[in-house]
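**Student:** Okay, predicted coordinates and the sequence, questions at the end:
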Amino acid sequence: MVDHFIFYMDRFTEMDSMMGKLNLCEKSAISLTPVEKEYILHLDIQQSSQATGSDNPLLASSSSNYSIRLFSMSNMATLKQINAHDNVISGIKFSQTENHLLFSSSWDKSIRCWDTRTDTKKPVQEFSGSDKNLLCLDINSSDSKLAAGTEASDINEVDLFIWDRRKSSVLVKYTDSHQDDITQVSFNPQKENILASGSTDGLVCEFDLTQPTEDEALFLTLNSRSSVAYVGWCEPKYNHIYCTTHIDTFHVWEAEEGDAIFQVTDLKEKLNDKIEYIVNYIGSTDSDDWLILGGTHKGDLSILQLSSKDEVKTLSTLTGGHKATVRCLMWDAHSNSLVTGGEDSMMCLWSNKPGSAPNEPKIANKLKMKKGTRKVQPY
């Protein structure tokens, strides 16, 4: 969203310092001269530890032309295009245990599974059962369950579906916990039966899928007081739930009792309108701070550190990559790299690898573009 990030405790020791050293390494354009720009809507990365025989995982992106593209994470080279759906793609997610499988959800009311080792002309598995558009997708840590939320019907009926991934069958459908579009679903990365959901009704719900009924499964209802954009779990212990909203507020709750841990509702004012929106949450450390990405509609980005002391610190600025609104991000802890995708049809790779900006002076909290940055037209 957003989506699960795999972080390691030792990588967070100096995370704020690391964020200040990111450089723009590669750019890939999914369309250079489009009649209508193809927005990049979602990103996901294979877990590097699962990338068989290689330390170069696949990066997947979905775009507004209903396709998915696969890239090499190391250099952003395009490897394959999947003509995945006949309507808007609402989520993509790599398998947690079989790294060659990629799942996608769509407004065409289906979830499809693609085997990246094949020609991907046909899905290897398909999940159905919804009579409404699917707006979000996630898969749990054991790959045993898929979750997706729907849009609301004319009479405010909205569904949260759970499928048995191996049998392609619906396990359960929850219908009473939300009253409007479900914008995000997110499994706890360490607890395969714990699921969080967010909705434009302002609610964030937490479910225990081992319980027999919806009333028993729903054990927390949290109120963001605004339409929810993204929901997920905060590192490193995944015992906090975060959400961002469509009016650019950010909230963190304790996941067992539902206590409010942190919220910021005036981020743009605190930064004197240097950012115009929140892209999404990036990660957090074992201390009381959270990293988020903010942006302007001209494409400039800022990595912000939010502190429980009600402080906002700009760790670094990312310029020279995008020229329009950034829609999505993905942080890869294995390579200490950030990938961003936007409405300018561009996907940018930001990394703190030594030498990524040769012959340029180091400037604290200011990102530099690598000399010779490539701009790729994949098709």
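**Tutor:** That came through, no problem.

**Student:** Every contact and neighbour count from this point should use C-alpha atoms.
**Tutor:** Noted.

**Student:** how about the helices in the stretch 251-379 of the chain?
**Tutor:** Under the criterion DSSP state H, counting those that start in this stretch, the stretch 251-379 of the chain contains helices at 267-270.

**Student:** so where is it shaky, pLDDT-wise?
**Tutor:** With pLDDT under 70 as the threshold, the stretch 251-379 of the chain has low-confidence stretches at 353-379.

**Student:** show me the contacts for residue 249.
**Tutor:** 263, 264, 265, 266, 267 (Cα atoms under 8 Å, 6 or more residues apart in numbering).

**Student:** Quick check, pLDDT for it.
**Tutor:** pLDDT for residue 249: 97.

**Student:** Show only the entries of the contacts of residue 249 found in strands.
**Tutor:** Judged by DSSP state E, the contacts of residue 249 include 263, 264 as members of strands.

**Student:** of the contacts of residue 249, buried ones?
**Tutor:** Neighbour counting by 16 or more other Cα atoms under 10 Å classes 263, 264, 267 among the contacts of residue 249 as buried.

**Student:** Grab the nearest non-local neighbour of the first one.
**Tutor:** Beyond its immediate neighbours in the sequence, the residue positioned closest to residue 263 (Cα to Cα, 6 or more residues apart in numbering) is residue 251, lying 4.3 Å away.

**Student:** who's the one you found bridged to?
**Tutor:** residue 243, residue 263 (DSSP bridges).

**Student:** does residue 215 count as helix, strand or coil?
**Tutor:** Under DSSP: H, G, I helix; E, B strand; the rest coil, residue 215 falls in the helix class.

**Student:** Please tell me how far the spatially closest residue to residue 241 that is not a sequence neighbour sits from residue 82.
**Tutor:** Leaving aside its chain neighbours, residue 241 sits nearest to residue 233 (4.7 Å; criterion: Cα to Cα, 6+ apart). Separation of residue 233 from residue 82 (Cα to Cα, to the nearest Å): 29 Å.

**Student:** Kindly reformat the buried ones among the contacts of residue 249 as JSON lines containing distance to residue 164.
**Tutor:** What follows is the buried ones among the contacts of residue 249, written out as JSON lines (distance: Cα to Cα, whole Å):
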{"residue": "263", "distance to residue 164": "35"}
{"residue": "264", "distance to residue 164": "37"}
{"residue": "267", "distance to residue 164": "40"}
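
**Student:** Report the buried residues of stretch 311-322.
**Tutor:** Here stretch 311-322 shows 312, 314, 315, 316, 317, 318, 319, 321, 322 as buried, counting by 16+ other Cα under 10 Å.

**Student:** Of those residues, which belong to strands?
**Tutor:** When the buried residues of stretch 311-322 are checked against strands (DSSP E), the matches are 312, 314, 315, 316, 317, 318.

**Student:** correct me, but the fourth one touches residue 295?
**Tutor:** No - counting by Cα atoms under 8 Å, residue 316 does not reach residue 295; the two are 11.9 Å apart.

**Student:** Tell me the one of the buried residues of stretch 311-322 nearest residue 337?
**Tutor:** residue 318 (12.7 Å; Cα to Cα).

**Student:** Would you map the strands across the stretch 251-379 of the chain?
**Tutor:** 260-264, 277-284, 289-295, 301-307, 312-318, 326-332, 337-342, 346-351, 375-376 (DSSP state E, counting those that start in this stretch).

**Student:** Could you export these as JSON lines, including distance to residue 205?
**Tutor:** Formatted as JSON lines, the strands of the stretch 251-379 of the chain follow (distance: least, Cα to Cα, whole Å):
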{"stretch": "strand 260-264", "distance to residue 205": "14"}
{"stretch": "strand 277-284", "distance to residue 205": "18"}
{"stretch": "strand 289-295", "distance to residue 205": "21"}
{"stretch": "strand 301-307", "distance to residue 205": "24"}
{"stretch": "strand 312-318", "distance to residue 205": "27"}
{"stretch": "strand 326-332", "distance to residue 205": "23"}
{"stretch": "strand 337-342", "distance to residue 205": "28"}
{"stretch": "strand 346-351", "distance to residue 205": "32"}
{"stretch": "strand 375-376", "distance to residue 205": "41"}
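
**Student:** The residue nearest to residue 160 when sequence neighbours are not counted is in what secondary structure piece?
**Tutor:** Spatial nearest neighbour of residue 160, chain neighbours left out: residue 149 (4.5 Å); criterion: Cα to Cα, 6+ apart. According to DSSP states H and E, residue 149 maps onto strand 145-149.

**Student:** The helix or strand following that strand - contacts with which helices or strands?
**Tutor:** Proceeding N to C from strand 145-149, the next assigned helix or strand is strand 160-164, under DSSP H and E. When contacts are defined as 3 or more Cα pairs under 8 Å, 6 or more residues apart in numbering; DSSP states H and E, strand 160-164 sits against strand 145-149, strand 169-174.

**Student:** And the ones you listed: which comes nearest residue 282?
**Tutor:** Comparing the helices and strands packed on strand 160-164 under Cα to Cα, the one sitting nearest is strand 145-149, at 22.1 Å.

**Student:** now the angle between strand 169-174 and that closest one, please.
**Tutor:** Using axes from the mean of the first three to the mean of the last three Cα atoms, to 10 degrees, the inter-axis angle of strand 145-149 relative to strand 169-174 is 40 degrees.

**Student:** tell me the angle strand 145-149 makes with strand 160-164.
**Tutor:** Using the same axes, to 10 degrees: strand 145-149 against strand 160-164 is 160 degrees.
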